[in-house]
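Q: Fold the following for me, if possible:
(one chain, ligands or ions: 1)
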Amino acid sequence: MEELLFDKGEIATMTVNRPKALNALNPAVVQEMAKVLRDVRHDRSIRVLIVTGAGDRAFIAGADIAAMAQMSVVDGMEFCRLGHRVAATFEDLPIPVIAAVNGFALGGGTEVALACDLIVASEKARFGQPEINLGLIPGFGGTQRLPHRIGQARARELIMTGDMIDAKTAYEWGLANKVVAPEQLMAEARALAEKLASKSGFALRQAKAALRASFTMTESEGLLYEQSAFGLTFGSADKAEGTQAFVEKRAPKWLHR
Ligand code: HXC
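A: Numbering: from 1, shown residues only. Next up, the predicted model:
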């Protein structure tokens, strides 16, 4: 059975499919993710990507510990680099990415979710960075993205104690955008994806890139970036349509998909 499933469509779904290992990420699966993301990047028919895990227990229970047990220093660094590349690719995709977190999202699992734009969590979801309990530290970007998302105090607590938090806490801490009943998870994620797919793709792309600049640039550089991106939207057919539709009191018909 394939360890990474990809369901193509206007709303595409990527599913880590190793339920017996709670969807732990070995290097082969992460390589496969990188490959699929390359295709997604160039496929203009895909409007939104949903990422989830197979089965009802786990989103991704982290990097594969049995595989890491066999890794040398160089292997470890390479694995980390690969994870960084995949996380950065999620962030650089021109379309929104939603993590549908159906269960354990630990270590690399929380880190994959952090690289997505929005997180919809099942009431059964658990988040955490338990690497400390393995004599490790987060290696798919958690030391950088977690404090950015939930603040230093909470990020330090999670990374230094290795404790897990439940879905409700993840919502209260600003990690998850929504918490829903387990049986509603995929329907809610799709409803959110459909809402995003109904917006101007061009404006969404500019918004995503500018939001990313808040992570990679200083505030003044980021504001300059925003000026350029904002200005760019004024050259788009969607800006003409969106503003005109408002004036004419009708729904806009977006051209840039
Ligand atoms: C490999 C894993 C795994 C993992 C679970 N399994 N997590 N295998 N890597 N990360 C396997 C178990 O070995 C077991 O296989 C099966 O999945 C079911 O797990 P159990 O432990 O039996 O289930 P349960 O008792 O319910 O406990 C669930 C759990 C626990 C709390 C999620 O599995 C757990 O603590 N997992 C490890 C979580 C973790 O530390 N993640 C961070 C990894 S480090 P068998 O064959 O026995 O049935 C990381 C670094 C990222 O992510 C950066 C890398 C560069």
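
Q: Give me the phi and psi for the nearest residue to Ala251 once chain neighbours are set aside.
A: Leaving out its chain neighbours, the residue that sits closest to Ala251 by Cβ to Cβ, 6 or more residues apart in numbering is Ala245, at 6.3 Å. Placement of C-beta: from N, CA and C, glycine included. The phi and psi values for Ala245, taken as degrees, to the nearest 10, are phi -60, psi -40.

Q: wait, isn't Ala245 in contact with Lys253?
A: Yes: Ala245 lies in contact with Lys253 (Cβ atoms under 8 Å); the separation is 7.5 Å.

Q: neighbour count winner among the two?
A: The residue with more neighbours, out of Ala245 and Lys253, is Ala245; 15 against 9, by other Cβ atoms under 10 Å.

Q: tell me the pLDDT at that one?
A: Per-residue confidence (pLDDT) for Ala245: 97.

Q: For the remainder of this discussion, apply numbering that starts at 45.
A: Sure, I'll start numbering at 45, so the last one becomes Ala289.

Q: Next up, the contacts around it.
A: By Cβ atoms under 8 Å, 6 or more residues apart in numbering, the contact set of Ala289 is 295-297.

Q: Once you drop chain neighbours, what's closest to the residue in the stretch 145-294 of the chain that the ligand sits nearest to?
A: Per Cβ to the nearest ligand atom, Gly151 is where the stretch 145-294 of the chain lies closest to the ligand, at 2.4 Å. Counting by Cβ to Cβ, 6+ apart, Gly151 lies nearest to Gly106, which is 3.1 Å off, once chain neighbours are set aside.

Q: Please give the number of neighbouring residues around that neighbour.
A: So Gly106, with other Cβ under 10 Å, has 29 neighbours.

Q: correct me, but it touches Asn67?
A: No: if you go by Cβ under 8 Å, Gly106 and Asn67 don't touch, sitting 9.2 Å apart.

Q: what's the overlap in contacts for these two?
A: Counting by Cβ under 8 Å, 6+ apart, the residues touching both Gly106 and Asn67 are Gly153.

Q: what does the chain put close to the ligand?
A: For the chain, the contact set with the ligand under Cβ under 6 Å from any ligand atom comprises 65-66, 68, 105-110, 123-124, 127, 148, 150-152, 174-175, 178, 180, 183-184.

Q: List only those of those residues flagged as buried.
A: Neighbour counting over those (16 or more other Cβ atoms under 10 Å) leaves 65-66, 68, 105-108, 123-124, 127, 148, 150-152, 174-175, 180, 183-184 as the buried ones.
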